[in-house]
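In: the amino acid sequence is not available; the structure is as follows:
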């Protein structure tokens, strides 16, 4: 059996496990797996990466692909593609394992993404756009292609767009700090619709806001062997004064072609 066949079988097993998921469980890495790119009992990298993600009915995770110097795009916003094809396939697998994928308005405007699982087997997630001011043009692909249900979250101050049955506009009050929607309010609104497995895909500011709010269970951060020296940063958080204040999560790492995936567990 070829490596590709083995990988396909392992992926099908992950999807089957997700489909028959029983009682929800929480926690960090499986015993013996922390800091390793292989599960304790052996097996393929596919099993090791994704098995922890299907062991709970509720999951909030984020994903970013960045350069060695922590950039996700050039200063002009060009980001296709910072990471290689193996990481793109990894991202599509993450989408297949969640109920909803969340992106900010800037990502939709700059990248015009589809947010589907077209490179792997699996179901497309519900697509969620965080757009408090209603600035995203209605001609974006995710509003037109009908590939998956799409939720367009806007604040009451936005001008309601004209949409058809493929897109649903939801109103949500903005946070008191005036910095858009509070992540907890977004997740609560999605949970009310049964969307409890959520991937926050971008951009950097949106992921940083969810990270700062303490609502992420996991962060998948893929680092590509590139140096930009300028551009849009990956994670942006409030300044800390000492290294003791830094976030130090449990970490595993995996090789994805030329890139390195860091799987960060943010829950004890």
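Out: Perfect, I can see it now. These figures come from a predicted structure and were not determined experimentally.
In: buried set for whichever strand or helix holds residue 188?
Out: Following DSSP states H and E, one finds residue 188 within helix 183-192. The neighbour-count criterion (16 or more other Cβ atoms under 10 Å) identifies 183, 186, 187, 189, 190 as the buried residues of helix 183-192. No exception for glycine: its C-beta is placed from N, CA and C like everyone else's.
In: now for the spatially closest residue to residue 59 that is not a sequence neighbour: which residues touch it?
Out: With sequence-adjacent residues excluded and distances taken as Cβ to Cβ, 6 or more residues apart in numbering, residue 59 is closest to residue 197, at 4.6 Å. Counting by Cβ atoms under 8 Å, 6 or more residues apart in numbering, residue 197 touches 57, 58, 59, 97, 98, 99, 100.
In: can you pull out the strands in the stretch 151-268 of the chain?
Out: Ranges of strands in the stretch 151-268 of the chain, per DSSP state E, counting those that start in this stretch, are 167-171, 197-202, 218-223, 232-233, 250-256, 259-265.
In: sort out which residues of the third one are buried, please.
Out: Looking back up the chat, that one is strand 218-223. Neighbour-count burial for strand 218-223 [16+ other Cβ under 10 Å]: 218, 219, 220, 221, 222, 223.
In: residues in contact with the longest helix anywhere in the chain?
Out: In the chain, with assignment by DSSP state H, the single longest helix is helix 3-19. Contacts to helix 3-19, defined as Cβ under 8 Å, 6+ apart, come from residues 1, 43-44, 46-47, 50-51, 54, 93, 96-97, 120-122.
In: the helices in the stretch 51-200 of the chain, which residues?
Out: Assigned by DSSP state H, counting those that start in this stretch, the stretch 51-200 of the chain shows helices spanning 85-96, 105-111, 183-192.
In: least reliable of the ones you listed going by mean pLDDT?
Out: Ranked by mean pLDDT, these bottom out at helix 105-111, with a mean of 93.
In: mind listing what's buried in that helix?
Out: Judged by neighbour count (16+ other Cβ under 10 Å), helix 105-111 contains these buried residues: 105, 106, 107, 108, 110, 111.
In: what's the answer for stretch 162-175, then?
Out: Of the residues in stretch 162-175, 167, 169, 172, 174, 175 count as buried by neighbour count, 16+ other Cβ under 10 Å.
In: now the residues you listed as CSV including pLDDT?
Out: Below are those laid out as CSV (pLDDT from 0 to 100):
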residue, pLDDT
167, 92
169, 93
172, 95
174, 94
175, 92
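In: and those, which is closest to residue 231?
Out: Distance to residue 231 across the buried residues of stretch 162-175 (Cβ to Cβ) is lowest for residue 175, with 27.2 Å.
In: what's the spacing between that closest one and residue 130?
Out: Per Cβ to Cβ, to the nearest Å, residue 175 is found 11 Å from residue 130.
In: same check on residue 73?
Out: From residue 73 over to residue 130 the distance is 18 Å, taken as Cβ to Cβ.
In: now do the contacts for the closest residue to residue 229 other than its chain neighbours.
Out: The shortest distance from residue 229 to any non-neighbouring residue, by Cβ to Cβ, 6+ apart, is to residue 69 (6.6 Å). Residue 69 sits next to 227, 228, 229 when contact means Cβ under 8 Å, 6+ apart.
In: which one of the contacts of residue 197 sits closest to residue 238?
Out: Using Cβ to Cβ, residue 59 comes nearest to residue 238 of the contacts of residue 197, at 25.5 Å.
In: wait, the closest one sits on residue 50?
Out: No - using Cβ atoms under 8 Å, residue 59 is not in contact with residue 50; the gap is 11.5 Å.
In: related to what we said a few turns ago, buried ones only from the contacts of helix 3-19, please, as a ChimeraX command.
Out: Per 16+ other Cβ under 10 Å, the buried members of those correspond to this ChimeraX selection:
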select :44,46,47,50,51,54,93,96,97,120,122
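In: out of the contacts of helix 3-19, list just those in strands.
Out: For the contacts of helix 3-19, membership in strands holds for none, with DSSP state E as the criterion.
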